[in-house]
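> 3D model of this:
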Amino acid sequence: MFTDIDIGYSTMSIEERPDLIKESDRGAVIVGAALLDSALENYLRDVFTMHRVSKKNVDAMFDLSGPLSSFSSKSLICYGFRMITKDIFDDLSVIRRLRNRFAHSTADVDFSSEDIASIVKKLKCTKSAQDHFTKTYSSLTEEEIVEWNSSSEGNIKYAKAIFCLGVQCLEIEILECCTNFIREESSFSVYKQGRMRGT
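This is a model prediction of the structure:
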């Protein structure tokens, strides 16, 4: 019976978890996307385990040349099978594009850029953070104050702060989707087994 499956998502302790806000802007986006990629992979691994796919085959799917090796493919398969909502999928797609922009640009890209800040503010996962986040950062512009100096005084860029909170919110939403999906799959499996036995 599938009801005894443990959800393997939360294998990282608080101490092991990277603190996105302490990362550089580039690091926050790249590491944030990696956390979400990992959350999707753990979700899919849980589902495959529930369906008794061998560890060897599961590992092959996520291997470097496997069909689920990329952030994009994991997002698409989860959305295609309705394992995540459209809002989550849309945010993951935007964050993936932001990650690519931050990772592959030779120019300076950071959260003080108006176009980056605008993209971050439009993410659905940052809406709650924007509504409840108290702006405690410096009123000086980024040109007037060096980021490390601002950080040493406890100030952070607003767009970076809501991005980091948004990533955490998105991780929680993915975990909730995983929990609900596995619960529904388990219930359906129990129902199906009962019908096959004629009970």
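> Next up, phi/psi of G66, please.
Phi and psi for G66, reported as degrees, to the nearest 10, are phi -80, psi 160.
> Please tell me how far it sits from L36.
Distance from G66 to L36, counting by Cβ to Cβ, to the nearest Å: 18 Å. In short, each C-beta sits where N, CA and C put it, glycine included.
> in stretch 164-182, what's buried?
Neighbour-count burial for stretch 164-182, counted by 16 or more other Cβ atoms under 10 Å, picks out 164-167, 169-171, 173-175, 177-178, 181-182.
> so how far is stretch 50-58 from its chain's centroid?
23 Å (Cα atoms, centre = their mean, to the nearest Å).
> all numbers from here: first residue = 23
Will do, 23 is the new start, and the previous item becomes stretch 72-80.
> Quick one: end-to-end distance for that stretch.
12 Å (Cα to Cα, to the nearest Å).
> How about stretch 132-150?
22 Å.
> Return the set of buried residues in that stretch.
132-135, 138-139, 141-143, 145-148.
> can you give me the strands in the protein?
Taking DSSP state E, the chain contains no strands at all.
> ok, the residue nearest the centre of the chain - contacts?
The centroid of the chain falls nearest to L58 when counting by Cα atoms, centre = their mean (2.4 Å). Residues counted as contacts of L58 (Cβ atoms under 8 Å, 6 or more residues apart in numbering) are F93, L114, I117, V189, L192, E193, I196.
> Looking at those residues, which is nearest S208?
Nearest to S208 among those: I196, at 18.4 Å, using Cβ to Cβ.
> Kindly state the pLDDT recorded for that closest one?
Turning to I196, the model gives it a pLDDT of 95.
> Touching, it and D113? I think so.
No - using Cβ atoms under 8 Å, I196 makes no contact with D113, being 10.2 Å away.
> who touches both of these two?
With Cβ under 8 Å, 6+ apart, I196 and D113 have no common neighbours.
> low-scoring stretches of the chain, by residue?
Applying pLDDT under 70 to the chain picks out residues 23-37, 154-177, 210-221.
> ok, 80 please
For the chain, the stretches flagged by pLDDT under 80 are 23-39, 150-178, 208-221.
> ok, so what distance separates the residue nearest to C191 when sequence neighbours are not counted from C100?
Spatial nearest neighbour of C191, chain neighbours left out: C147 (4.8 Å); criterion: Cβ to Cβ, 6 or more residues apart in numbering. As judged by Cβ to Cβ, C147 and C100 stand 15 Å apart.
> Now render the buried residues of stretch 132-150 as a markdown table, adding distance to D81.
Listed next are the buried residues of stretch 132-150 as a markdown table, based on distance: Cβ to Cβ, whole Å:
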| residue | distance to D81 |
| --- | --- |
| D132 | 37 |
| F133 | 36 |
| S134 | 41 |
| S135 | 39 |
| I138 | 36 |
| A139 | 39 |
| I141 | 35 |
| V142 | 34 |
| K143 | 39 |
| L145 | 32 |
| K146 | 33 |
| C147 | 30 |
| T148 | 34 |
